[in-house]
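Asks: Please work out how this folds:
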Amino acid sequence: MDIYLVGGAVRDRLLGRPVTDRDWVVVGATPEDMLDAGYRPVGKDFPVFLHGQTKEEYALARTERKTGRGYHGFAFHADPSVTVEQDLERRDLTINAIAQREDGTLVDPFGGVRDIETRTLRHVSDAFVEDPVRLLRVARFAARYAPLGFTVADETMALMRRMVDEGEIDHLVPERVWAETRKALAEPMPSAFLRVLRESDALRVLFPEVEALYGVPQRPEFHPEVDTGVHVELVVDAAARLAPGDALVGWCALTHDLGKALTPQDVLPRHIMHEQRGVEPVRAMSARLKVPGDYAFMAEMVCKHHLNAHMALELKPSTILRLLEGLGALRRPERLETFLLACMADKRGRLGSEDAAYPQADFLRACRDAAASVVSRPFVEQGLEGPAIGEAMKKAQMKAIASVAKPAP
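Replies: I've put the predicted structure just below:
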């Protein structure tokens, strides 16, 4: 049997990036050969094995044939006659279709090395259109590699538009859309994910609530970028800088201004009450994509209360306490941190404000700590019972918040 290192490990080594996972393709072997060599089978749809010591994945070289619509509509064929070139041909992008022999030399039948050098995301073959997840993967790779100068090849973008036009992406299941979106939001430049989806016309289908933000004007004195869609692009990138790899903060950043698409035309470019209007589309997106509960909760809280965060230095102690209680931040301070990072990203996601100070964050953290320091024991010792304890604690918490020093202007 011949064994090749494939996929991301080869690509990232050529890019000079850290290699975290290694995948292998085995040519000229049967499942029995792999078992005899001590590999443990794990694949259900096609033969994949784990190495006994490294636990890395070794897959038998295989081809695939389209049998139906969507992600699952494929039949796989693996036997010792399948070549490494045939295995590479079924992959999505040329930069992912490079194999490395045991002696270090490369097998590059589709020009992946050239595309790495020219910073191009290009499909391997026209079979690209058969798997709708590939469209999302290209957008996600754009979010990862745009800072290195990568762009999508014109012919690949044309194929992606064809996938939208022919309804192939309509067969994407919510779980797959969410999985790719979550990964994209954890990449260095999530705005590239949105731009690629929009250019291919897939954003309209997959995220109509986000598509609706483009072309909606904002007041230029607060938003020099004016266009709300552009603002959201800036915000998700600011979130990626503030909280690298944190998709939860990214999801809150992506959804925080959905209500601006619902602002009545006659009041534009003002967006009074957009926080409240945004709740319904945030809930709709979260439900449609079946996002985890903490993502749905935090996105709704950021949508409803990001302006309260911006105005924190002017809020009454009672309003601040309600905000902290609504977040559940007195018992779960990490929720406040997520909220503040998303709000800070909103502040910095504006042209010219990339490094803007945000003293509201430290102030609200101090308010949270002050409120959380109030405990029930003194009130119990005073002889209070039942609801009276809660009322006394609430008054003490508001007094503690009122004592927090505000930063100098």
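Asks: Output the below-cut-off pLDDT ranges for the stretch 101-250 of the chain.
Replies: Scanning the stretch 101-250 of the chain for pLDDT under 70 picks out nothing.
Asks: ok, which stretches of it are helices?
Replies: 112-117, 133-145, 154-165, 174-185, 190-199, 202-206, 208-211, 228-242, 247-255 (DSSP state H, counting those that start in this stretch).
Asks: out of those helices, nearest to residue 371?
Replies: Closest approach to residue 371 among the helices of the stretch 101-250 of the chain is made by helix 247-255 (22.3 Å; C-beta to C-beta). Placement of C-beta: from N, CA and C, glycine included.
Asks: Give the other helices and strands that the closest one contacts.
Replies: Contacts of helix 247-255 with other secondary structure elements, assessed using 3 or more C-beta pairs under 8 Å, 6 or more residues apart in numbering; DSSP states H and E, are made with helix 174-185, helix 228-242, helix 279-289, helix 293-310, helix 333-348.
Asks: just these: most buried one?
Replies: helix 228-242 (a mean of 24; mean count of other C-beta atoms under 10 Å).
Asks: Report the angle between that one and helix 247-255.
Replies: Using axes from the mean of the first three to the mean of the last three C-alpha atoms, to 10 degrees, one finds that helix 228-242 and helix 247-255 are set 160 degrees apart in direction.
Asks: Give me the secondary structure label for residue 266.
Replies: In the three-state summary, residue 266 is assigned as helix, counting by DSSP: H, G, I helix; E, B strand; the rest coil.
Asks: For residue 272, see how far away it is.
Replies: When distances are taken as C-beta to C-beta, to the nearest Å, residue 266 and residue 272 turn out to be 12 Å apart.
Asks: now swap in residue 162 and tell me
Replies: Per C-beta to C-beta, residue 162 is found 42 Å from residue 272.
Asks: Also residue 144?
Replies: Spatial separation of residue 144 from residue 272 under the definition C-beta to C-beta is 38 Å.
Asks: and the two? which has more neighbours close in?
Replies: It is residue 144, of residue 144 and residue 272, that has more neighbours when counted by other C-beta atoms under 10 Å, with 19 against 10.
Asks: So which bits of stretch 134-149 are buried?
Replies: By 16 or more other C-beta atoms under 10 Å, the buried positions in stretch 134-149 come out as 134-146.
Asks: Switch the helices of the stretch 101-250 of the chain over to CSV; also include distance to residue 88.
Replies: Supplementary listing: the helices of the stretch 101-250 of the chain in CSV, determined by distance: least, C-beta to C-beta, whole Å:
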stretch, distance to residue 88
helix 112-117, 9
helix 133-145, 15
helix 154-165, 17
helix 174-185, 22
helix 190-199, 23
helix 202-206, 26
helix 208-211, 34
helix 228-242, 31
helix 247-255, 30
